[in-house]
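Undergrad: Sharing a model prediction with you, sequence too.
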Amino acid sequence: MMELRKRPRPRLLDPDFVSSPPPTPPRKRPRKQAAAAAAVENPAPSKRAKLCGSYYIGSPVVGLQPTRCCRLAAPVTRVSFIPRSRVPFNWYEPDMWTEVAKYLHGADLVHLAATCHWFLHLLFGDDSIWCYAFFRDLSLRTDDPRILKLLILRPFHRSWRLLYVNAFNNTHAYCFRQPKKHIEWFRIGGFLMDTSRMLLTATLALPRGMPPADENPWFSISLTGACLLTNVRPGIWIADMHMVRCPVCNFKKCKGTMQVLDARHCELYLEKKFKDGTWEYEDLGSHFSDGPLDTAGAAIFNRDHIHTPHIGNILNAKSWIRERSNLLPRARFTPIAVAMNSNLKPNHGLLSKFKAMRYSRDGEIVSVRITQQLL
């Protein structure tokens, strides 16, 4: 006898929210047929399909079909080259940062060293960076054969880093002696003393007869306004120009000034005896120029190179001194000489004094000074 079964009643759907008929349940199939049908209905995704991510958004209303959202991917273009593996870039390459540091100022080098330990060890362990910066900021060319002899490894207490700090930390000779007399100053530059003979002049011209190299230059200074020193410490010298108050009177309102050409060995400020005042300047002599003068100038030369073209740049004063109406001082320097010049107001004469500082009583000269005062 045949059994009758009741047919299931379909679910009631709200006609206002029905947009498509509900999906019919799949029929049961064998495993092999189900796998083949699934392969036909859902083929393997292509490369473009893998790049394109698919998302299904379920409908919040019962009976609605889920919506499929797909992002379109950019078309894949074929390349004509074969990609190769690259060596990873090393940000901490000593040779690269050493070259970059050559273009930085001293303050920038200190800031770079404060970023991390690696830069600290690089900048404070490699003294060649500070050596390059020292010659660069003094406008001295390191390709000069005479300067190449000085590019040597220095001890720690006289390293290139300490020389750079003492040369460019706004310290000058009047910071240690007579600071109240000082008005202003500016850096002229550096020059080379590869020998121990230095010529000082109170004018922008060489004397007609070369002064004798005697121990007492007082006579040659008073007669010709020049002297020859034969016991100068070789090395790099730094020249500055200073404006100081007149030493004749001690009034605070005195407007009298005098100009000073000061040159020193680059290691002078590292000496303890200079800082504590043990070493003092000694007077070498004075030269008086009688009568009204239009200009006041002084120069320092490397005696063994006075016949080179560099000296001509100093002696040709008309090419670099200021116009007569401009009273501001001006200086000039070459690798072997320095000079300064100022246009003067109406006067009755000029008094030039020569001074020198020695390492010891009869030791090498480490600093010289030419002061010029209007009378």
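TA: The structure has been received and is ready for your questions.

Undergrad: you'd agree residue 281 is up against residue 353?
TA: No: counting by CB atoms under 8 Å, residue 353 is not a contact partner of residue 281; they are 9.9 Å apart. In short, each C-beta sits where N, CA and C put it, glycine included.

Undergrad: Overlap of the contact sets of the two?
TA: Both residue 281 and residue 353 lack any common contacting residue under the criterion CB atoms under 8 Å, 6 or more residues apart in numbering.

Undergrad: I'd like to know how many residues surround residue 305.
TA: 20 (other CB atoms under 10 Å).

Undergrad: measure it to residue 271 for me?
TA: 27 Å (CB to CB, to the nearest Å).

Undergrad: Show me the shaky parts of the stretch 201-350 of the chain.
TA: 214, 247-255 (pLDDT under 70).

Undergrad: can you pull out the strands in it?
TA: Remark: strands assigned in the stretch 201-350 of the chain by DSSP state E, counting those that start in this stretch are 226-229, 235-245, 257-265, 282-290, 295-302, 330-334, 337-343, 349-358.

Undergrad: Can you check which of those strands gets nearest to residue 322?
TA: Proximity to residue 322, assessed across those by CB to CB, is greatest for strand 330-334 (5.3 Å).

Undergrad: any idea of the angle that closest one forms with strand 235-245?
TA: 170 degrees (axes from the mean of the first three to the mean of the last three CA atoms, to 10 degrees).

Undergrad: who does strand 330-334 pair up with?
TA: With DSSP bridges as the test, strand 330-334 is paired with strand 337-343 (antiparallel).

Undergrad: Specify the angle between the partner strand and strand 295-302 in degrees.
TA: Using the same axes, to 10 degrees: strand 337-343 against strand 295-302 is 180 degrees.

Undergrad: mind checking which of the strands of the stretch 201-350 of the chain is nearest residue 179?
TA: Taking CB to CB, strand 235-245 is the member of the strands of the stretch 201-350 of the chain nearest to residue 179, at 10.1 Å.

Undergrad: could I get that closest one in CSV with only the CA atoms?
TA: Provided in CSV are the C-alpha atoms of strand 235-245 (Å, rounded to 0.1, in the frame of the first residue of the first chain):
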residue,chain,number,x,y,z
GLY,A,235,103.4,74.9,10.8
ILE,A,236,100.0,76.4,10.1
TRP,A,237,99.6,80.0,11.3
ILE,A,238,96.2,81.8,11.8
ALA,A,239,95.9,85.6,11.3
ASP,A,240,93.2,87.9,12.9
MET,A,241,92.6,91.6,12.7
HIS,A,242,91.5,93.4,15.9
MET,A,243,90.3,96.9,16.8
VAL,A,244,91.2,97.9,20.3
ARG,A,245,91.0,101.0,22.4
